[in-house]
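# attaching a predicted model along with its sequence, questions to come.
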Amino acid sequence: MAKVTLPDGSILNIEDGKSACDVAEQIGPGLAKSALAARIDGKMTDLSTAIWGQAELEIITPSSPTGLETMRHSCAHIMAEAICTLWPETQLVYGPTVEDGFYYDIDLDEPIRPEDFEKIEAKMREIVRADKPIRRKEMSREEALKHVAGNKYKVDNIRRADSEVISFYYHNNGGFEDLCTGPHIPSTGKCGEFKIMSVAGAYWHGDPTQKMLQRVYGTVWPTKKELKKYLNRLEEAKKRDHRVIGKQLDLFSFHEEGPGFAFMHPAGMVIWNEIVDYWQKVHRRYDYSQIKTPIMLNERLWHQSGHWENYKENMYFTDVDEATYAIKPMNCPGGCLIFNSRRHSYRELPMRVAELGLVHRHEASGVMHGLFRVRQFTQDDAHIFCKSSQIEDEVMGVIDLTFQMYRTFGFEDFHVELSTKPEKHIGSDEIWETATNALEQALKHKGIEYQINDGDGAFYGPKIDFHIKEVLNRSWQLGTIQLDFSMPQRFDLKYVDSDNTEKTPVMIHRAILGSFERFMGILIEHYGGAFPLWLAPEQVRVLPISEKTNDYAREIESRLKKADIRATADVSDEKIGAKIAKAHENKLPYMLVVGPKEREQNAVNVRIRGVKETKTVSLSEFFETAGKKVSDKTQDLLF
RNA sequence: GCUGCUGUAGCUCAGCCGGUAGAGCGCGUCCUUGGUAAGGACGAGGUCACGGGUUCGAAUCCCGUCAGCAGCUCCA
């Protein structure tokens, strides 16, 4: 007899050699029906695995994340079988699960097109309907290599496997087989509701020198309802896409004449300037000075800074009067020139020098993405010149500043990474250790959780990065703190220390929002275009009921403007319902409906974005409340 | 940069196998003066991304260029 311990602690006695599936059946027919796989003594395995002696057993169903993942993995195989049936010359490479679905990399010269998806899905449905058992067979590495001889991808996969036992899975009575560690669902019929999503190229092992494979993406969910919910979620996320909202709200545009260069429209510029105002105010509070350096500088400077050797491919150059100039991809060299324009005493350190610097980087054409990845952007840069003993304090100060700014914009969901010494680096191990420790200590003192990216630092120093996730689940870097021991040497930066000797300062590069363009894009998606009052391009719109109160509406408009509130009056020929609908479409925070009634009482009827009920308040009350929400940068609009 | 897809009115899109363009929204004028998520009529607006080619004839087929989209690679 075997003794099986279940997750709730109960013990079940079964015959030795019975499978996990048998146990599920013994527990209940419902469980047996939904069971997909098993976890025996902590290890994921097939439902058909036999149990001997004593074991801890968990039956895995689609309701758990692991169950869903198993289903997705099996669905990838089913898709692979469908593709291989339709295109027999297909060679399978690798088919893992990803968040919300799976993909399969295949080598097939004929491109698979979106029109083909339906055909593949039909074939998949056929396979699922046949409900063929999925079986595992194991062999030694040697046997396996012989088994897949001639298929370079599978040979490669086996060579890369850690285990000495290599497993294959097959269904359709051996008509389809693939190398795989498993586990898999017991039969193709348990696969759930799937959809092929897209196809794109992908390099083998991510190596651009290798052949480009086709990567077919799919998704699968236990029920139709869940699949639909997922597809709806994608639709909703698409509506929040900053490129879509940017067009709708007339915030910015891109043009063929300047690919990757954002054109900021008046409404977008309002948001931009509000961010700049706030940014400058906070930086003054943290004792930063502000500078501005030229956009292009003699090529000579970029040799000195090391950019020419390390970053030339991404730089723009131009010839002026027989000299070559480079458009700056970074602000630091210019900042160094300012630092060197006079002598400095140790008493001045730390010197915190900020710059909203416009940089140009020639990014590869395929990587551009709305405001998130552009070729011209404004960095909210700063360089802190300090003694090495001041690093930790300075880093902590930057962290404080960073979180304060993020909070103002309502961001809570971000993660922090610490990148350490890369293989290619300059500077002694000792200096790296000091620097990395300083960063780590600062994070620890602040009680911040962080992930370590070993070997991912810049060649001149370690760094801390702040990342944020947007609605489409892509992660984007906002802030960064980078220690730099190289630039001060290259530019021969000096300060006079208390002992009257010249010393080289440490330079800390840092950015909080990263790039203004990217940050605006993130804000647009974060708010879905419904900005808090202080950021809204148009804050208040006055809507007269009819022409009869147009004058009253215009009067309110001008008083609002005098109070520094961005307002317009909609004196169009539309009915009030249409005016409200339009204001909602423009995501107006406040709509003030005014008719004869309101005029008599010197009042306005306030309609708040997203709120059904309206409220009549006196003009003075509206001014007071709205004014306070602007100055406090309040996220909500409620009266 | 690589692979695949896309480019038609300000926006979103339709236009099958070639016979020189259409809808909705928006915009303009007029009617309407209406109390809380879209009143009505009329009208203007397009070198069908650009350049070649095939054809009697190209938005439509072919080639190239540019730009965008999805993904890969990259991201000091």
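Okay, I see it. Residues are numbered from 1 along each chain as shown, chains lettered A, B, ... in the order given.

# residues of the stretch 151-300 of chain A that sit close to RNA strand B?
For the stretch 151-300 of chain A, the residues in contact with RNA strand B (CB under 7 Å from any atom of the strand) are A:198-203, A:206-208, A:212, A:214-215, A:243, A:247, A:254, A:256, A:259-260. The C-beta positions use only the backbone N, C-alpha and C, and glycine is treated the same way.

# how about the stretch 1-150 of chain A?
A:111, A:113, A:114.

# and those, which is closest to RNA strand B?
residue A:111 (3.6 Å; CB to the nearest atom of the strand).

# which ones are touching residue A:627?
Neighbouring residues of residue A:627 by CB atoms under 8 Å, 6 or more residues apart in numbering: A:563, A:565.

# mind naming the longest helix for chain A?
The single longest helix within chain A, with elements called by DSSP state H, is helix A:65-86.

# now the helix or strand following it: buried residues?
As assigned by DSSP states H and E, the chain's next helix or strand after helix A:65-86 is strand A:91-94. Residues A:92, A:93, A:94 are the ones in strand A:91-94 that count as buried (16 or more other CB atoms under 10 Å).

# returning to what we had before: show me which of the residues of the stretch 1-150 of chain A next to RNA strand B are buried.
Here, 16+ other CB under 10 Å leaves nothing buried among those.

# mind putting these in a markdown table, pLDDT included?
Putting these into a markdown table (pLDDT from 0 to 100) gives the following:
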| residue | pLDDT |
| --- | --- |
| A:111 | 89 |
| A:113 | 88 |
| A:114 | 87 |
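
# out of those, flag the one nearest to residue A:67.
Of all those, residue A:67 sits closest to residue A:114, with 29.8 Å by CB to CB.

# how far away is the residue nearest to that closest one when sequence neighbours are not counted from residue A:84?
Closest residue to residue A:114 apart from its sequence neighbours, by CB to CB, 6 or more residues apart in numbering: residue A:199 at 7.2 Å. The gap separating residue A:199 from residue A:84 is 15 Å, by CB to CB, to the nearest Å.

# any chance of the residues of the stretch 1-150 of chain A next to RNA strand B in TSV, plus distance to residue A:616 and secondary structure?
Listed next are these as TSV, based on distance: CB to CB, whole Å; DSSP: H, G, I helix; E, B strand; the rest coil:
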residue	distance to residue A:616	secondary structure
A:111	63	coil
A:113	59	coil
A:114	54	helix
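
# which single one of these is nearest to residue A:101?
Nearest to residue A:101 among those, with distances taken as CB to CB, is residue A:114, at 16.1 Å.

# that closest one contacts residue A:216, correct?
No: with contact defined as CB atoms under 8 Å, residue A:114 does not count as touching residue A:216 (10.6 Å).

# okay, and the common contacts of the two?
What both residue A:114 and residue A:216 touch, as defined by CB under 8 Å, 6+ apart, is the set A:198, A:199.

# pLDDT weak spots in chain A?
Within chain A, the ranges that satisfy pLDDT under 70 run A:472.

# find the centremost residue of it, please.
residue A:475 (1.7 Å; CA atoms, centre = their mean).

# please name the bridge partners of it.
residue A:469 (DSSP bridges).

# show me what contacts it?
So residue A:475 contacts A:415, A:467, A:468, A:469 (CB under 8 Å, 6+ apart).

# what distance do you get for the last one to residue A:411?
Okay, so that is residue A:469. For residue A:469, the distance to residue A:411 equals 10 Å [CB to CB].

# who has more neighbours, those two?
Between residue A:469 and residue A:411, counting by other CB atoms under 10 Å, residue A:411 is the more crowded of the two (16 against 13).

# does RNA strand B have contacts with stretch A:606-616?
Yes: using CB under 7 Å from any atom of the strand, stretch A:606-616 reaches RNA strand B at A:607, A:609, A:610, A:612, A:614.

# ok, and the most crowded of the residues you listed?
Highest neighbour count within these, by other CB under 10 Å: residue A:607, with 21 neighbours.

# what pairs with that residue across the strands?
Per DSSP bridges, the residues bridged to residue A:607 are residue A:591, residue A:614.

# looking at it, it is touching residue A:594, isn't it?
No: assessed by CB under 8 Å, residue A:607 is found out of contact with residue A:594, at 11.2 Å.

# I'd like to know which of the contacts of residue A:475 is nearest to residue A:270.
Set against residue A:270, the nearest of the contacts of residue A:475 by CB to CB is residue A:468 (22.7 Å).
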